[in-house]
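J.: Build me a model:
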Amino acid sequence: QGQLQEHNDNLYSFVSYQNFIQRLTSESRMQINLDRPFSDGYWRQFRVHLITPPLAQRGAHLSLRRHPDNPWTLSRFEKVGWAPPDALTYLRKIIADKESFLIIGATGTGKTSVLSACLQELPNNERVVAIEDTNELHLPNPLSTKLITRIDSQGVLQSIDQSELLRQALRMRPDRIVMGEVRGSEALKDHAIVKLVI
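T.: Residues are numbered from 1 along each chain as shown. So this is what the prediction gives:
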């Protein structure tokens, strides 16, 4: 229910923890080094963030987040009383009218769940191009596709950010463009992360 809770299980030692992190980064192909001591990735069914010393003062800090395999829908939100019926009616209307809108909130407030629910409202003949840093959103239909940013910590490959992917998306005949997360300084206010639907 959106709250952190202590788990009784633990690793045997600090060395076990380090070995686990090494295995995880290897499997997920995450690159961590002194020049860039942090990385995001995807491991099994988890979204991963890892930050290491010297930036993290208490050793490597690992965050694992998991989104459900069965995405939320506005109908499910309605059943659990997530919002008043008139608010959900309004949300359905702006989706049907193809209006642009933002989903704004702090970390862990359910922005991705709400955006996935909105996507499930779309008809099967609409092409969505979703742009994300990490693969999280459930696409609404087989016509839709997803573009993922790239950051090469080794400096071998060119980094590709959301701005470049947006230019590419405009050439792909989209009915809608969805920006999974906008983290730039222009989108930050009180540490909010924006989900953008165009």
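J.: Give the buried residues for the longest helix along the chain.
T.: Counting by DSSP state H, the longest helix found in the chain is helix 14-28. For helix 14-28, a neighbour-count test (16 or more other Cβ atoms under 10 Å) marks Ile21, Leu24, Thr25, Ser28 as buried. All C-beta spots, glycine's among them, are computed from the backbone N, C-alpha and C.
J.: of these, closest to Ile94?
T.: Ile94 has its nearest neighbour among the buried residues of helix 14-28 in Ser28, at 36.5 Å by Cβ to Cβ.
J.: Contact partners for the closest one?
T.: With contact taken as Cβ atoms under 8 Å, 6 or more residues apart in numbering, Ser28 is in contact with Gly41, Tyr42, Trp43, Val48.
J.: Relative to His49, how far out is the third one?
T.: Between Trp43 and His49 the distance is 11 Å, computed by Cβ to Cβ, to the nearest Å.
J.: Distance check, Ala56 against Leu50.
T.: 9 Å.
J.: I should have written Asp69 there, sorry.
T.: 24 Å.
J.: who's more crowded, those two?
T.: It is Leu50, of Asp69 and Leu50, that has more neighbours when counted by other Cβ atoms under 10 Å, with 22 against 7.
J.: circling back to that earlier point, need the buried ones from the contacts of Ser28 selected in ChimeraX.
T.: In ChimeraX, this line selects whichever of these come out buried by 16+ other Cβ under 10 Å:
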select :41,43,48
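J.: With secondary structure and pLDDT as added columns, please give the contacts of Ser28 in a markdown table.
T.: Formatted as a markdown table, the contacts of Ser28 follow (DSSP: H, G, I helix; E, B strand; the rest coil; pLDDT from 0 to 100):
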| residue | secondary structure | pLDDT |
| --- | --- | --- |
| Gly41 | strand | 84 |
| Tyr42 | strand | 83 |
| Trp43 | strand | 88 |
| Val48 | strand | 90 |
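J.: Quick one: list the elements packing against the strand or helix carrying Glu181.
T.: Using DSSP states H and E, Glu181 maps to strand 176-182. Where contact means 3 or more Cβ pairs under 8 Å, 6 or more residues apart in numbering; DSSP states H and E, strand 176-182 is packed against helix 111-119, strand 128-132, helix 162-169, strand 193-197.
J.: and Pro37, which of the ones you listed is closest to it?
T.: Closest to Pro37 of these, according to Cβ to Cβ: strand 193-197, at 21.9 Å.
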